[in-house]
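Enquirer: this one's sequence-less:
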DNA sequence: AACCGATGTGTTGACGCAAACATGTCTAGA
DNA sequence: TCTAGACATGTTTGCGTCAACACATCGGTT
């Protein structure tokens, strides 16, 4: 900065003003400074700026297993939204999810230079983690009863959509392959499926649990394929649905003629499954964008030292459940 | 820090020493300081530390489209490896790939507090981007002729493995669905496929190009399914292979009885495709780990002001091509 | 002529930390 | 006893930036 100042024949402060787009700088001076900046390839030092201003313009994201489809898409959306708003994204992976590891990750982020944190841990265990106050936090894809704002897909609505679709096709009831019981989202989908069946007076068959992977879907699918009563299956995500489809094929049960299958997520590949999968689309883009906006609002609010009433208002906004949509493809039909 | 120092009855410097794990602190003093830290919830300020030391203990990762399978897995591995080594990962997404956007992303990272950058852009256009010097850079999944170390899967070996497997099953030749021509990896796979065919004296059929998505694989697959000469297809990634499989099914061509298909990547779902996909496995974990280690070595080298000879040595290490493995499943068989 | 506010620019200091150096204390060996 | 060296700890200083304030200039009032 000093070099730029010298080359432009001004003080460091003026360089700072130009760098920050302040208006009270003469047009000619500004041009001279910008010229000098370009010439010297000057880049403001983020660390010094952060030290001075107390703002890092960076948010931390705690994630478990980037490899699952939803997490990845959400992270992508978060990164894009944050970048558009001038914030960078710091990744903090957690290798296994328990109270200790999550708390550790949070603490490590506290040391790192971030203005706020997005928690992308869908596990119930999160409910037991006491997060230190002082750092704005937004929770994604998890329960709605935390001390922090929660952004999530409307899991209940999505699962109802899927179940009702199958019932309306004429199936007597709907079987369910659920996600792991440790997952909040899996629980919500399972409960909503069950509630929908009860509302319609249908039998509630035994649930099968998977772990979100397509291999676990195959295992569940084999069990269902062996039961001739099964004519309709709601699978808690597309990856497991892929495994279910394969299990049905290997057991000679035609989809959708013998068995109908509905997934959840609408991953890009679902349209190319065999047969193309009817599924519930969730908008990961919306989730990501809303998370960032909510977090930034929190950060901003703290910035302005809100009265306690305002904090209260922020924390208790109704959680914004992002609606889903049923995407009809070729894996569902009425019973024979 | 001052508060901690006062509470522990020591100087700020001693607190600093404890915080940084220096050894020259009395065990009792250390305990007292750590106690005070816990009591006050002290977290060192990363910005100040970075400003003072010039080290950020953070690496930047430039990515395009987190949504593709390989990128995601690699990022996961990078984040895990970096965290294990005490570095955090800053994400810098690029919305579209051209000289300008990549240079911009790099420049933005320069402002941000990072010690080095991993470039995860597989496009040829990268070859034309002049990266400013001074910041260590490692390029992943791209060409081997940059000014920076390159870490990549052995694309050539992988494509040969796939092609030879099909030829050895007795197919007269092998068709190919390539990735986009803008991609370095796609080019290498296509060239290696072609070379393998030539080496064996086989016809080289017209290439079909996709864009890595399963939908584009379906489009290519429809064209191939219509041609009765086609008995063996090497598809440049698993996602497109999924689309190819569906196209073959819809056109009544049995896999593997009528047509054999080999993919590339071995994504988790490939084992649950219908039929389970024979594919080339690349180790994204290795790629990620090696990228981080190479970058950290570069960072460390600059730290110690190496003589020019040493820089030279680093930059011209033979690129470490990570080997692949052919995973045999049910989508390949000899011709009828 | 004296005064005003608006505008553009320079000077000073502090953010939190750690490197460099200074000081004090203890131990071992001459 | 004296000294060298190892070790623990304290003091000073500055990293790059920007807020706060000081100052200088100018057009327009009284």
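Expert: Great, that's in hand. The model shown is predicted, which means the values in this text are computed figures rather than measured ones.
Enquirer: tell me the contacts of residue A:126?
Expert: Residue A:126 makes contact with A:97, A:102, A:119, A:139, A:142, A:143, A:146, A:184, according to Cβ atoms under 8 Å, 6 or more residues apart in numbering or on different chains. Every C-beta, even on glycine, is put in place using the N, C-alpha and C of the backbone.
Enquirer: quick one: name the residues of chain A near DNA strand D.
Expert: Within chain A, the positions near DNA strand D by Cβ under 7 Å from any atom of the strand are A:1-2, A:12-13, A:16, A:19-20, A:44-45, A:48-49, A:51-53.
Enquirer: also near chain B: which of those, exactly?
Expert: Among the residues of chain A next to DNA strand D, the residues lying close to chain B (Cβ under 8 Å from any Cβ of the partner chain) are A:44, A:45, A:48, A:51.
Enquirer: dihedrals phi and psi, the second one?
Expert: Dihedral angles phi and psi of residue A:45 (degrees, to the nearest 10) take the values phi -80, psi 110.
Enquirer: what's around it, how many residues?
Expert: Per other Cβ atoms under 10 Å in any protein chain shown, the neighbour tally for residue A:45 reads 18.
Enquirer: for it, give its distance to residue A:11.
Expert: Applying Cβ to Cβ, to the nearest Å, the value for residue A:45 to residue A:11 is 17 Å.
Enquirer: which of the ones next to chain B among the residues of chain A next to DNA strand D sit farthest apart?
Expert: A:44 and A:51 (12.2 Å; Cβ to Cβ).
Enquirer: who's more crowded, those two?
Expert: residue A:51 (19 against 15).
Enquirer: so the more buried one sits against residue B:45, correct?
Expert: Yes - using Cβ atoms under 8 Å, residue A:51 is in contact with residue B:45, at 7.3 Å.
Enquirer: now do residue A:287, the pLDDT please.
Expert: pLDDT, the model's per-residue confidence, is 94 for residue A:287.
Enquirer: picking up where we left off before, what subset of the residues of chain A next to DNA strand D is buried?
Expert: Buried members of the residues of chain A next to DNA strand D, counted by 16 or more other Cβ atoms under 10 Å in any protein chain shown: A:1, A:16, A:19, A:45, A:49, A:51.
Enquirer: tabulate these (a markdown table), appending distance to residue B:163, secondary structure and pLDDT.
Expert: Listed next are those as a markdown table, based on distance: Cβ to Cβ, whole Å; DSSP: H, G, I helix; E, B strand; the rest coil; pLDDT from 0 to 100:
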| residue | distance to residue B:163 | secondary structure | pLDDT |
| --- | --- | --- | --- |
| A:1 | 57 | coil | 85 |
| A:16 | 60 | helix | 91 |
| A:19 | 55 | helix | 89 |
| A:45 | 51 | coil | 86 |
| A:49 | 54 | helix | 87 |
| A:51 | 56 | helix | 86 |
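Enquirer: for these, which one is nearest DNA strand C?
Expert: Closest to DNA strand C out of these is residue A:51 (4.3 Å), distances taken as Cβ to the nearest atom of the strand.
Enquirer: chain neighbours aside, what residue packs nearest to the closest one?
Expert: Excluding its sequence neighbours, the residue lying closest to residue A:51 (Cβ to Cβ, 6 or more residues apart in numbering or on different chains) is residue B:47, at 4.4 Å.
Enquirer: which residues touch the helix or strand that neighbour falls within?
Expert: According to DSSP states H and E, residue B:47 maps onto helix B:46-53. Residues outside helix B:46-53 that contact it (Cβ under 8 Å, 6+ apart): A:45-48, A:50-51, A:56, A:111-113, B:55-57, B:113.
Enquirer: please, where are all the helices along the stretch 151-300 of chain A?
Expert: Secondary structure of the stretch 151-300 of chain A (DSSP state H, counting those that start in this stretch): helices at A:155-168, A:184-199, A:214-225, A:238-250, A:284-303.
Enquirer: any idea of the angle the fourth one forms with helix A:214-225?
Expert: To tie it back to what came earlier, the one meant is helix A:238-250. Orientation of helix A:238-250 against helix A:214-225 (axes from the mean of the first three to the mean of the last three Cα atoms, to 10 degrees) gives an angle of 40 degrees.
Enquirer: briefly note if helix A:238-250 comes near chain B.
Expert: Yes - among the residues of helix A:238-250, A:239, A:242, A:243, A:245, A:246, A:249 lie within reach of chain B under Cβ under 8 Å from any Cβ.
Enquirer: buried residues in that helix, which are they?
Expert: A:238, A:239, A:240, A:241, A:242, A:243, A:244, A:245, A:246, A:247, A:248, A:249.
Enquirer: how near is residue A:298 to residue A:161?
Expert: Computed as Cβ to Cβ, the residue A:298 to residue A:161 distance reads 31 Å.
Enquirer: now do residue A:268
Expert: 20 Å.
Enquirer: swap in residue A:255?
Expert: For residue A:255 relative to residue A:161 (Cβ to Cβ), the value is 19 Å.
Enquirer: any low-confidence regions in the stretch 1-150 of chain A?
Expert: Residues of the stretch 1-150 of chain A meeting the criterion pLDDT under 70: A:67, A:111-112, A:132-133, A:144-146.
Enquirer: ok, of the contacts of helix B:46-53, which come out buried?
Expert: Buried by 16+ other Cβ under 10 Å: A:45, A:46, A:47, A:50, A:51, A:56, A:112, A:113, B:56, B:57, B:113, out of the contacts of helix B:46-53.
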